[in-house]
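**Q** coords please:
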Amino acid sequence: MRIGFGTLALIVITLSTSSTFAHHSFAMYDRDKTDTVAGIVKEYEWTNPHVWIHVMTPDTAGKPIEWSFEMQSIAQDAAAGWRADSVKPGDKVSIDFHPLKDGTRGGQLVAATIADGQRLGPPVVGRDRNGGDSARSQ
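**A** Okay, here's the model as predicted:
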């Protein structure tokens, strides 16, 4: 069986771009539970495909331990009020999150109270900032 150049090119393009369109599931988080942890921002990764915030919080002995929280994409977090400079290393923060099912330290960020007292959460899908239907507001 012979494959033409056009068919071969299409196969190569499809295989090389499939990871670009891939997206992982949030199934590793227990969405039936919400926990809260307070600490100091170690790192804030304002990057796609997902924003991350890493927080240091003391364990029961007072030793600092790292927690990592996955957020949405930059576009979705920006719609919820987050910015590239919303938090910086050293800032105090309180994170509400869906924990990881395997019990490791981290989870999916639900909302955060940042150093200035502002509470930021995920965007409300289907609603614009004024409470109207985003599909009709555009």
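**Q** wait, what's in contact with residue 113?
**A** Counting by C-beta atoms under 8 Å, 6 or more residues apart in numbering, residue 113 touches 93, 94, 119, 120. Any C-beta I mention is one placed from the backbone N, CA and C, and that applies to glycine too.
**Q** Would you agree the third one is in contact with residue 112?
**A** Read it as residue 119. Yes - between residue 119 and residue 112 there is a contact at 7.2 Å, judged by C-beta atoms under 8 Å.
**Q** List just the nearest of the contacts of residue 113 to residue 46.
**A** residue 120 (13.0 Å; C-beta to C-beta).
**Q** Can you report how many residues lie near the closest one?
**A** Applying other C-beta atoms under 10 Å, we find 18 other residues in the vicinity of residue 120.
**Q** Please determine how far it is located from residue 94.
**A** Relative to residue 94, residue 120 is positioned 11 Å away (C-beta to C-beta, to the nearest Å).
**Q** Which residues are in contact with each of these two?
**A** Common neighbours of residue 120 and residue 94 (C-beta under 8 Å, 6+ apart) are 112, 113.
**Q** buried ones in the helix or strand harbouring residue 37?
**A** In the assignment (DSSP states H and E), residue 37 maps to strand 35-45. Of all the residues in strand 35-45, those buried under the rule 16 or more other C-beta atoms under 10 Å are 37, 39, 41, 42, 44.
**Q** now do stretch 40-60
**A** In stretch 40-60, counting by 16+ other C-beta under 10 Å, buried: 41, 42, 44, 46, 50, 51, 53, 54, 55, 57.
**Q** if we can go back for a sec, what about residue 119 and residue 112, which has more around it?
**A** residue 112 (23 against 11).
**Q** thought that one was touching residue 53?
**A** Yes - assessed by C-beta under 8 Å, residue 112 is found in contact with residue 53 at 7.3 Å.
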